[in-house]
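show me the folded form of this:
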Amino acid sequence: MWLRFFELLASPTFHRAVRRVHKSIQDLRHGKAPEDMGGTNIDKPGIKHFFQLFRDELRDQLRNKPKN
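Take a look at the predicted model:
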């Protein structure tokens, strides 16, 4: 009996279940954590914006500019 108890405590599945239950109880008691709500959409989305950032990064690397 004790062996099964210690096997349960050592299993990652048990810890995931406990973490999930704890998180849901905390969310009920204190509201959702700000880091769980996701970020804001500040940057322009899309492939055009990606290529603009990529081009700027290549240009900065060729000019040996330090990163921000």
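
give me the three-state assignment for K65.
coil (DSSP: H, G, I helix; E, B strand; the rest coil).

shift numbering so it begins at 56
Sure, I'll start counting at 56 from here, so that last one is K120.

how many residues are close by it?
11 (other Cβ atoms under 10 Å). From N, CA and C alone the C-beta is placed, and that goes for glycine too.

next one: the helix or strand harbouring L113 to chain centre, how far?
Using DSSP states H and E, L113 maps to helix 102-117. Centre-to-centre, helix 102-117 and its host chain are 25 Å apart (Cα atoms, centre = their mean, to the nearest Å).

need the mean per-residue confidence for that helix.
Mean pLDDT, helix 102-117: 88.

flag the shaky bits of the protein, pLDDT-wise.
92-99, 121-123 (pLDDT under 70).

and if we set it to 80?
Within the chain, the segments meeting pLDDT under 80 span 88-100, 120-123.

the longest helix in it is where?
Identified as the longest helix of the chain according to DSSP state H is helix 67-85.

figure out how far it is from the centre of its chain.
That offset, for helix 67-85, works out to 17 Å (Cα atoms, centre = their mean).

extract the CA atoms of it and return them as CSV.
The C-alpha trace of helix 67-85 is given here as CSV (Å, rounded to 0.1, in the frame of the first residue of the first chain):
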residue,chain,number,x,y,z
PRO,A,67,4.5,13.4,-13.3
THR,A,68,0.8,12.8,-14.1
PHE,A,69,-0.2,13.2,-10.5
HIS,A,70,1.8,16.5,-10.3
ARG,A,71,0.2,17.8,-13.5
ALA,A,72,-3.3,17.0,-12.1
VAL,A,73,-2.6,18.7,-8.8
ARG,A,74,-1.1,21.7,-10.5
ARG,A,75,-4.2,22.0,-12.7
VAL,A,76,-6.6,21.7,-9.8
HIS,A,77,-4.6,24.3,-7.8
LYS,A,78,-4.5,26.7,-10.7
SER,A,79,-8.3,26.5,-11.2
ILE,A,80,-8.9,27.0,-7.5
GLN,A,81,-6.6,30.0,-7.5
ASP,A,82,-8.4,31.4,-10.5
LEU,A,83,-11.7,31.1,-8.8
ARG,A,84,-10.5,32.7,-5.6
HIS,A,85,-8.3,35.5,-7.0
